[in-house]
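Q: Sequence first, predicted model second:
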Number of protein chains: 2
Amino acid sequence: MKDTNERKLLSEEREQLILQALGDGARTIGELSQELGVSEATVRRDLQSLEKQGKARRIHGGAIRVQFPRTEPIFTEKATLHAREKQLIARRALDCIDDNDTIYLDGGSTILALARMLTSKQGLTIVTNSIMAAAELMESEHRLILLGGEFRALSRTLVGPLTAKIVSSLYIDKAFMGTIGFTVEDGISTTDANEAYTKELIMRRAKRVFVLMDSSKFGAPSLVVSGSLNDIDAIITDDAISSQAIKQLKKKKIDVIFPEMPSGKRANRET
Amino acid sequence: MKDTNERKLLSEEREQLILQALGDGARTIGELSQELGVSEATVRRDLQSLEKQGKARRIHGGAIRVQFPRTEPIFTEKATLHAREKQLIARRALDCIDDNDTIYLDGGSTILALARMLTSKQGLTIVTNSIMAAAELMESEHRLILLGGEFRALSRTLVGPLTAKIVSSLYIDKAFMGTIGFTVEDGISTTDANEAYTKELIMRRAKRVFVLMDSSKFGAPSLVVSGSLNDIDAIITDDAISSQAIKQLKKKKIDVIFPEMPSGKRANRET
DNA sequence: AAAATAACTTCATATTCTTGCAAAATATGT
DNA sequence: ACATATTTTGCAAGAATATGAAGTTATTTT
């Protein structure tokens, strides 16, 4: 996959990408230089900076990740990936919300972007299991309800059996779900069983379920399946998914919604 | 174009839009300038302002959103009042906690101070209804469980009937409670009925209940009484309370615990 | 030890930042 | 309503920074 996003990256973005690349083991300077589209000298400088921050360790010919990634790399790292698509998807989802709705916000960075936009609505009742979304909405005028439950650090959400206690006494108009993986056969899937369980409960409980995901999730299942395709009413995604997949989804009566493209282009047919 | 809103924007509106555009990732000055329809110089000034507010971080060529907004006007304000006493009280409470305990943390700045100290313990299961405490403990190794419920902005806690669902399925060794007011007749009291209700549930459910408060709370009732004196096992407070009050409390079999004074002095007789 | 590869240094170039200033917009006082 | 402050915005020149290329030095491999 080549990123058609040929915008010049900021140094910190590059560093994030490098850390991510290092996640799969060690990398050589040459590889990194090519992947990032910058000169080897620049890669060396970035690595120097990362080493000073204690996030990576240099070795001859390349670099490896430091043993204990002490901070919360997972959340912030994932966040920067496909940031623009996520922004557009969230923007589209915003249009699906009416004033005074009762909505549910799932975890994940796309949903978080949506949360940040909710200041433009009025009188919402917002239910969420995402600490990040809650932190974002603390100052808002909306009514905010947090699911309780066990805190899962990786996703910063509340999950597990305890959430069921509260979910079962709520009624939700529209649920906005994120996901790690998705297939046309099984619907959404995630890495953690507790997380999957909570998602499932919510989807059963919501009148209308929207799944927000960038097209990279498509066709890539994760460990634990959550609910089924029948639980999903609509998918909001960017336009890089195959027209075949769209057909299959429509056959299952699932709406596929695309964001407004800023420059008006809509290049749907693909590889 | 989605933003055909050609009205001239106020700087604050622009800053809001910038934050939104930043999303999780980063943006270059050029992008922002174009998206907002203002010059790059203006974008820089806006970013400068956002950085001062702690909401964004500038980097060469653009800006990155800061993960967790720092400022909490309500909270920091109250926190500075009697800060030293609160610190000492929290310190003393810490000694009451053993490794592997299951503890409950209530809202309030004193308890928050305690939360920050918990890194020195191991293997705790921490139950809380305080978003601030949860945010503080996200990075820790402890097991963290949040009560669900309705978010109350003033105290930044989760309160109300929904919390009951989860509380009733938990068992807590030691509960550390804050309070707004206290009298020897009725025990702790607070301004909000939902808040009082949740406190009451917890105290009923905990094996041992500690109330942390500086002496200014003494003899000053608030609106809604929460539970009764019988629910309380110990009070941790500074030494500016009357010896008469101590006697009364001891008669009710409530321990009164004082912090270690840094200089070793213990001047208990008072005005 | 020689060859090959990688790392460091220096420098030229291209962006980006800062700063001061002027024009425009907005607020304020009479 | 008018005139005067104050603030906001855009522009431009010099300062600062980032990047890439070339050449030199260090490290690894054979």
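A: Yes, it's here.
Q: quick one: the nearest residue to A:Ile257 once chain neighbours are set aside from chain B, how far?
A: In this structure, A:Ile257 finds its nearest non-sequential neighbour in A:Ile236, 4.6 Å apart by Cβ to Cβ, 6 or more residues apart in numbering or on different chains. Quick note: C-beta positions are derived from backbone N, CA and C, even for glycine. In this view, A:Ile236 and chain B are 15 Å apart by Cβ to the nearest Cβ, to the nearest Å.
Q: Contact partners for A:Leu50?
A: Taking Cβ atoms under 8 Å, 6 or more residues apart in numbering or on different chains, we find A:Leu50 in contact with A:15, A:18-19, A:56, A:63.
Q: What about the residues you listed, which one has the most neighbours?
A: Neighbour counts for the contacts of A:Leu50 peak at A:Ala63, which has 27 neighbours (criterion: other Cβ atoms under 10 Å in any protein chain shown).
Q: so that residue sits in a strand?
A: Yes: when DSSP: H, G, I helix; E, B strand; the rest coil is applied, A:Ala63 is found to be in a strand.
Q: my guess is it contacts A:Arg27, does it?
A: Yes: the pair A:Ala63 / A:Arg27 is scored as a contact, 6.4 Å apart, by Cβ atoms under 8 Å.
Q: mind checking how far A:His142 is from A:Leu212?
A: Using Cβ to Cβ, to the nearest Å, A:His142 is found at 19 Å from A:Leu212.
Q: So if I had to pick from the two, which one is more boxed in?
A: A:Leu212 (26 against 16).
Q: So that one sits against A:Arg91, correct?
A: No: with contact defined as Cβ under 8 Å, A:Leu212 does not count as touching A:Arg91 (10.6 Å).
Q: So A:Asp231 is in contact with A:Thr179, correct?
A: No: with contact defined as Cβ under 8 Å, A:Asp231 does not count as touching A:Thr179 (11.9 Å).
Q: neighbour-wise, which of those two wins?
A: A direct count of neighbours by other Cβ under 10 Å for A:Asp231 and A:Thr179 places A:Thr179 higher, at 23 against 19.
Q: From DNA strand C, how far off is that one?
A: 35 Å (Cβ to the nearest atom of the strand, to the nearest Å).
Q: Not counting sequence-adjacent ones, nearest residue to that residue?
A: A:Ile188 (3.9 Å).
Q: CA atoms of whichever strand or helix holds that neighbour as CSV?
A: Take DSSP states H and E as the rule and A:Ile188 turns out to sit in strand A:187-190. Provided in CSV are the C-alpha atoms of strand A:187-190 (Å, rounded to 0.1, in the frame of the first residue of the first chain):
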residue,chain,number,x,y,z
GLY,A,187,-19.2,-8.4,11.4
ILE,A,188,-17.0,-6.6,14.0
SER,A,189,-14.3,-8.3,16.0
THR,A,190,-11.8,-7.2,18.6
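Q: how far out from the middle of the chain is it?
A: Centroid separation for strand A:187-190 versus its chain: 13 Å, with Cα atoms, centre = their mean, to the nearest Å.
Q: who touches it?
A: With Cβ under 8 Å, 6+ apart as the criterion, strand A:187-190 contacts A:177, A:179-183, A:196, A:199, A:211, A:221-229, A:231-232.
Q: Now restrict the residues you listed to buried residues only.
A: Among these, those classed as buried by 16 or more other Cβ atoms under 10 Å in any protein chain shown are A:177, A:179-183, A:196, A:199, A:211, A:221-222, A:224-227, A:229, A:231-232.
Q: Out of those, list just those in helices.
A: A:196, A:199 (DSSP state H).
Q: Quick check: closest non-adjacent residue to A:Arg156.
A: A:Ile131 (4.8 Å).
Q: A:Ala220 too?
A: A:Ala220's closest residue in space is A:Gly181 (Cβ to Cβ, 6+ apart), at 4.8 Å.
Q: which residues does the one you found contact?
A: Counting by Cβ under 8 Å, 6+ apart, A:Gly181 has contacts A:188-190, A:217, A:220-222.
Q: Quickly name whichever of the residues you listed is closest to B:Met117.
A: Distances from B:Met117 to the contacts of A:Gly181, taken as Cβ to Cβ, are shortest for A:Thr190 (34.1 Å).
Q: Roughly how far does the closest one sit from B:Leu249?
A: 51 Å.
Q: okay, now A:Arg44: neighbour count?
A: A:Arg44: 15 neighbours (other Cβ under 10 Å).
Q: and if you look at A:Met117?
A: For A:Met117, the neighbour count with other Cβ under 10 Å is 16.
Q: for it, what are its contacts?
A: Contacts of A:Met117 (Cβ under 8 Å, 6+ apart): A:90-91, A:94, B:20.
Q: can you redo those as TSV with pLDDT and secondary structure?
A: Shown next, in TSV, are the contacts of A:Met117 (pLDDT from 0 to 100; DSSP: H, G, I helix; E, B strand; the rest coil):
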residue	pLDDT	secondary structure
A:Ala90	93	helix
A:Arg91	91	helix
A:Leu94	96	helix
B:Gln20	81	helix
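Q: Most neighbours out of these, which is it?
A: Counting by other Cβ under 10 Å, top hit in those: A:Ala90 with 24 neighbours.
Q: Verify the stated contact: it with A:Leu212.
A: Yes: between A:Ala90 and A:Leu212 there is a contact at 6.9 Å, judged by Cβ under 8 Å.
Q: tell me the domain ranges of chain A?
A: What automatic domain parsing lists as the domains of chain A is A:11-71, A:78-257.
Q: most neighbours per residue, which of those domains?
A: domain A:78-257 (a mean of 20; mean count of other Cβ atoms under 10 Å in any protein chain shown).
Q: Quick check: residues of chain A near DNA strand D?
A: A:11, A:14, A:38-39, A:41-42, A:45-46, A:60 (Cβ under 7 Å from any atom of the strand).
Q: now A:Leu114, nearest residue through space, not along the chain?
A: Here the residue nearest A:Leu114, using Cβ to Cβ, 6+ apart, is A:Ala90, at 4.0 Å.
Q: before we move on, what about A:Glu35?
A: A:Ala21 (6.4 Å).
Q: Kindly report the same for A:Ala56.
A: In space, A:Ala56 is closest to A:Leu50, 4.1 Å off (Cβ to Cβ, 6+ apart).
Q: Are we agreed that that neighbour is in a helix?
A: Yes: counting by three-state DSSP, one finds A:Leu50 located in a helix.
Q: any idea how far it is from A:Glu150?
A: For A:Leu50 relative to A:Glu150 (Cβ to Cβ), the value is 33 Å.
Q: repeat for A:Val225
A: Applying Cβ to Cβ to A:Val225 and A:Glu150 gives a distance of 21 Å.
Q: residue with max distance from the center of chain A?
A: A:His60 (35.0 Å; Cα atoms, centre = their mean).
Q: how about that residue, phi and psi?
A: phi -60, psi 120 (degrees, to the nearest 10).
Q: Could you measure from it over to A:Gln34?
A: 19 Å.
Q: Equivalent analysis for A:Ala21, please.
A: For A:Ala21 relative to A:Gln34 (Cβ to Cβ), the value is 11 Å.
Q: A:Gly54 too?
A: 26 Å.
Q: now swap in A:Glu139 and tell me
A: If you go by Cβ to Cβ, the gap between A:Glu139 and A:Gln34 works out to 44 Å.
Q: Perfect, that will be all.
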